[in-house]
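*Asks:* I would like to see how this sequence folds:
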Amino acid sequence: MANKINHLLPAYRQLQQHAHPVVLATIIETFGSTYQKAGARMLISHKGELTGLLGGGCFERDLVEQALSVFASGVAKTVFYDMRSPEDVIWGLGLGCNGAVKVLLQLLSAENDFSPLNSIAEVAESKLAGVLVTIFDSQYADFCVGHNLFLPATTTNNQQMLSSAPFPFMTAALQSLLQQKPRIESHTINGHQFSAFYDPLQPPLHLLIFGAGADAIPVVNCAKALGWQVSVVDYRPAHIKPERFPLADQLLYAVPEKVSDTLELDSFNAAVLMTHNIEYDQRYLQALVHSHIPFIGLLGPAPRKDRLLQSLGNDSSLISNRVFGPVGLDIGAETPEEIALSIVAGIRAELSNRSGRPLSSKSTVDLHVCIPR
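*Replies:* Purely as a prediction, here's the structure:
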């Protein structure tokens, strides 16, 4: 998922400036209940400084110790933390997490542009998805442990595909891309065995907000806290001020009829209409009718949503299954910040095909298991 890589982007830019080696820790497989799932990544500096979290503090201290040997040898290695035993006898931490994780540690350096961070940054900046293949176990010199291969995807008729991939990576990479789930696969070439971790990478979610009122500010801030990109559009020039939205990636003055001339609407993952003016909400909604934005949220009660959809006439059938109103999850929100949290959480749940109900009501919480061969 896109949010797994957002924290790595500013870190990569800093590394390019200072050129200090760093160890990349990647969860490649999990069992049971764990803080993070396969594909989560964390950077460890030579001073033991961390960028990101993998175990919520459970095993990060040991990871720093393990990283020291990677800094010294330059050789990638895999470590395994098993916290499923009742007493955590292996680590003696008494965490009771009832899960286990396998973590790959790789040394990244300026000589190879901190690969694979350069590929991850390329995905975010170009907005082109792909699959990152990393070898974590190998007896084959051509594909040694720590070797990375990024396979970019192309989009045709809203379907992501891989244009090409060297043997033997195509089948597993395509399955990972289509399922949008990491997976592990073992291969044999000329009697040499090796195992690879396949991780589908997606660019950060991009939210489009119509309406630059005061209540849009916490929505922008909340979305940015998750690493999303955010564009804000308004028909009132006085509202589109950088000092009001310092975190927004794009501020745009545009009347509804000019929006599609200025923005590539299909590049957005979600839109929220919050102009507080039903005429302009209707006109902006009309502007989205022929887009493929998967989530379109409306403020206000359900009858207001019905009224706006009815105003579209026959065009409403093109968009009605993607319009959500009132937008947001029912969390008892009252303040602007709480309402923003409700809106952003609702978007996240819908785009992840989740209900948003409490995790405690689920029979299992292990919903992101890496697919073993």
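*Asks:* just checking, which helix or strand of the chain averages the lowest pLDDT?
*Replies:* The weakest-scoring helix or strand in the chain, judged by mean pLDDT, DSSP states H and E, is strand 159-162 (a mean of 76).
*Asks:* can you list the strands that it pairs with?
*Replies:* Its sheet considered, strand 159-162 pairs with strand 148-156 (antiparallel) by DSSP bridges.
*Asks:* any idea how far the partner strand is from the middle of the chain?
*Replies:* The chain centroid and the centroid of strand 148-156 are separated by 16 Å, computed with C-alpha atoms, centre = their mean, to the nearest Å.
*Asks:* CA-only coordinates of it in CSV, if you can.
*Replies:* Extracted in CSV, the C-alpha atoms of strand 148-156 (Å, rounded to 0.1, in the frame of the first residue of the first chain):
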residue,chain,number,x,y,z
ASN,A,148,16.8,-5.4,-6.1
LEU,A,149,14.8,-5.3,-9.3
PHE,A,150,12.1,-2.8,-10.0
LEU,A,151,9.4,-3.7,-12.6
PRO,A,152,7.3,-0.7,-13.6
ALA,A,153,3.6,-1.2,-14.4
THR,A,154,1.6,0.2,-17.2
THR,A,155,-2.1,1.0,-17.1
THR,A,156,-4.5,0.1,-19.9
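*Asks:* and it, what's buried?
*Replies:* Judged by neighbour count using 16 or more other C-beta atoms under 10 Å, the buried positions of strand 148-156 are Asn148, Leu149, Phe150, Leu151, Pro152, Ala153. Just so you know, the C-beta spots here come from the backbone N, C-alpha and C atoms, and that holds for glycine as well.
*Asks:* ok, now stretch 259-278?
*Replies:* Buried residues in stretch 259-278, counted by 16+ other C-beta under 10 Å: Val259, Leu263, Leu265, Phe268, Asn269, Ala270, Ala271, Val272, Leu273, Met274, Thr275.
*Asks:* report the two of the residues you listed separated the most.
*Replies:* The distance between the two most remote of the buried residues of stretch 259-278 (C-beta to C-beta) is 20.2 Å, for Asn269 and Thr275.
*Asks:* which helix or strand contains Gly55?
*Replies:* Counting by DSSP states H and E, there is no helix or strand that carries Gly55.
*Asks:* hmm, it is touching Gln36, no?
*Replies:* Yes - with contact defined as C-beta atoms under 8 Å, Gly55 counts as touching Gln36 (7.2 Å).
*Asks:* overlap in contacts, those two.
*Replies:* Contact criterion C-beta atoms under 8 Å, 6 or more residues apart in numbering; residues shared by Gly55 and Gln36: Val101.
*Asks:* what pLDDT does Arg84 get?
*Replies:* Note on Arg84: pLDDT of 80.
*Asks:* that one touches Val101, doesn't it?
*Replies:* No - using C-beta under 8 Å, Arg84 is not in contact with Val101; the gap is 10.7 Å.
*Asks:* with neighbour numbers in mind, choose between these two.
*Replies:* Higher neighbour count among Arg84 and Val101: Val101, with 27 against 15, using other C-beta atoms under 10 Å.
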